[in-house]
Each structure stands twice: as structure tokens, then as C-alpha cells.
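*Asks:* here is a sequence together with a model predicted from it:
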Amino acid sequence: MESIFKINNLMKQFKGKTVLSIDELNIQRGAVTAIIGPSGAGKSTLLSILNGLTTPDGGKILFEDQDISGGIKHGDYNRRSMAMVFQNAVMFQGTVFENIAYGLKLRGMPEHEVKVRVNEVLELIGLKEIAYQKAETISGGEAQRIALARAMVFKPKVLFLDEPTANLDPANVTQIEKLIVHAKEHYGTTVILVTHNMFQAKRLANYTVFMMNGSIVEYGSNEEVFANPSNEKTKLFISGEMIY
Ligand SMILES: Nc1ncnc2c1ncn2[C@@H]1O[C@H](COP(=O)(O)OP(=O)(O)OP(=O)(O)O)[C@@H](O)[C@H]1O
């Protein structure tokens, strides 16, 4: 398998405290990689560095063999290959359709093409019937599905998800997970998912990174990490026995 991201000797500090220290990490292209670990382990910081939004204080990070250690600027070509969804999505004013179409229009995509793309994702997320409803009137679960649709409509090379299903009911979780698998299988999207839900990591990921105190404790295929972890701390964490 080919690596889409390559990290070496990565270091990040906040106010003099080291919050991330990673010797080596290669993220596989076209796979779902889950990042798990206790609160404060550095998961979101790592995601933000991979996404080029946060710059590391040391080390090197390559995206498709280009050095992005200095971050990725707005309007940069690489910025357009990546999309990100956080928990608790915020809707723009306007309809559900307009929310999803907005970014494509901004990029100058012709109207008819926008329509085709947006309708395709609306179908996928099962929200076609509320396409013309005002976005501010929809439920939290629907908003989160729309946020994912807004990211997926670009068919991004990389999709970053930070706790995308936190606080959602099982039906919405299932819809979102289906969409993530669809992005991987039909668009060839590389998905990097931060989750507190161990079962979700197990269900969705091909690879899992287990982090603690800013470092990687274990990284491997899901079979390795969940069925046969090599580190005692991983065993405790995935069995729910770790107290932190
Ligand atoms: N902008 C910032 N300024 C200061 N400290 C920060 C900043 N962002 C993160 N940190 C600190 O860095 C450490 C790692 O935070 P991070 O959010 O990456 O952890 P996490 O594993 O994603 O946690 P959680 O699961 O709670 O979201 C924490 O100690 C946090 O307080």
C-alpha cells in the first residue's frame, strides 16, 4: 500500500508543553484510518497538522511527497483536495440544497453540474425530501449528515472527520458511517477519523492509531490493533479498562 501522508519526528508544543511527539507515521492512501486514545492525547492536534491548519514546531510532514510542514494556505491546490467535518456542524443560511451546493458554486462549477452532484449526495444521505427546507429548521442529526454531504460533494482526496457522530442517535450514526464507506469505495477518498467510539473504529477503519500523551502507542491494521494488540496499554484501552 502507498502512503499518502508521511510523518517524521513531528513535534508540537502549546505554551512550552509538548502535546505531540511522533517519530514516524505513514497514513495509507484509499483507506480509513481511525485515531483513538484518551482525552488530551493529541488526536485533534494531529488531525489539524495533517490537514495543514496547524503547523508543527518540528519535524516533517509530506502529503503526496510535498512538504506541508509549513501548513497549507487558503486557496492552495492541496487545500482543495482535503475536506474536514467537525462535531456539531453549523449550517449556513438558506436551504439544505444551497448548503451543499455553496462550495461548488464558489469554485465556479456550472449550475447543471452542481445540481447533479448535490442531488447525488442528497440521495446518498437520504435527505432528498428536505432538500428545499431551510437549513436552520433541521435536526442535529440531519445537520451532521448535511455537513458530511457538504464535504463529500467535492469528492475529496482526503476527508478528515473529528468526532463526526458524537451525540447522534444510532440511525444517524449508521447513515454517516454508510457515507464514509461510500466515499472510500466510490471516490477513492482517504479517510482519517478521530473517534471516541471504539466500536466505530472497529467497524469502519482499515488501520487504527492508538495515541496517549502525544505519542503513538500502537499503529497497525484493525486486525492487529483490536484482535492482537502488542502493547498492554492498548489492551486496557480497547477493553474499556483504562482509567484516565
Ligand atoms: N490551541 C491550543 N492552545 C493550548 N493548548 C492546546 C491547544 N490545542 C490543544 N491544546 C492542548 O494539547 C493537548 C492535546 O489536545 P487535543 O485536542 O489534540 O487532544 P485530543 O486527543 O483530541 O482530546 P479530546 O479527545 O478531548 O478531543 C491537550 O492537552 C490540549 O489542552
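*Replies:* Thanks, I have the structure now.

*Asks:* make it CA atoms for all contacts and neighbour counts henceforth
*Replies:* OK.

*Asks:* got the phi and psi for Arg203?
*Replies:* phi -70, psi -40 (degrees, to the nearest 10).

*Asks:* neighbours around it, how many?
*Replies:* Residues within reach of Arg203, counting by other Cα atoms under 10 Å, total 11.

*Asks:* list the contacts for it?
*Replies:* Residues near Arg203 by Cα atoms under 8 Å, 6 or more residues apart in numbering: none.

*Asks:* just the buried residues of the longest helix belonging to the chain, please?
*Replies:* If you go by DSSP state H, the chain has its longest helix at helix 170-187. Buried residues in helix 170-187, counted by 16 or more other Cα atoms under 10 Å: Asn172, Val173, Gln175, Ile176, Glu177, Leu179, Ile180, Val181, Ala183, Lys184.

*Asks:* excluding sequence neighbours, find me the nearest residue to the first one.
*Replies:* Nearest non-adjacent residue to Asn172, counting by Cα to Cα, 6 or more residues apart in numbering: Gly141, 5.8 Å away.

*Asks:* look at the one you found and give its secondary structure.
*Replies:* helix (DSSP: H, G, I helix; E, B strand; the rest coil).

*Asks:* do you know the pLDDT at it?
*Replies:* For Gly141, the pLDDT comes out at 89.

*Asks:* quick one: contacts for it?
*Replies:* Leu168, Asp169, Asn172.

*Asks:* how about the strands in the chain?
*Replies:* Secondary structure of the chain (DSSP state E): strands at 3-14, 17-28, 32-36, 58-63, 66-67, 82-85, 158-162, 190-194, 207-212, 215-221.

*Asks:* was I right to think Phe226 contacts Ala201?
*Replies:* No - Phe226 is beyond contact range of Ala201, at 9.5 Å (criterion: Cα atoms under 8 Å).

*Asks:* of the two, give the one with the bigger neighbour count.
*Replies:* Ala201 (23 against 19).

*Asks:* would you check that that one makes contact with Val32?
*Replies:* No - using Cα under 8 Å, Ala201 makes no contact with Val32, being 9.1 Å away.

*Asks:* okay, Lys73 and the ligand: tell me how far apart.
*Replies:* Per Cα to the nearest ligand atom, to the nearest Å, Lys73 is found 18 Å from the ligand.

*Asks:* need phi/psi at that residue.
*Replies:* Per-residue torsions, Lys73: phi -80, psi 160 (degrees, to the nearest 10).
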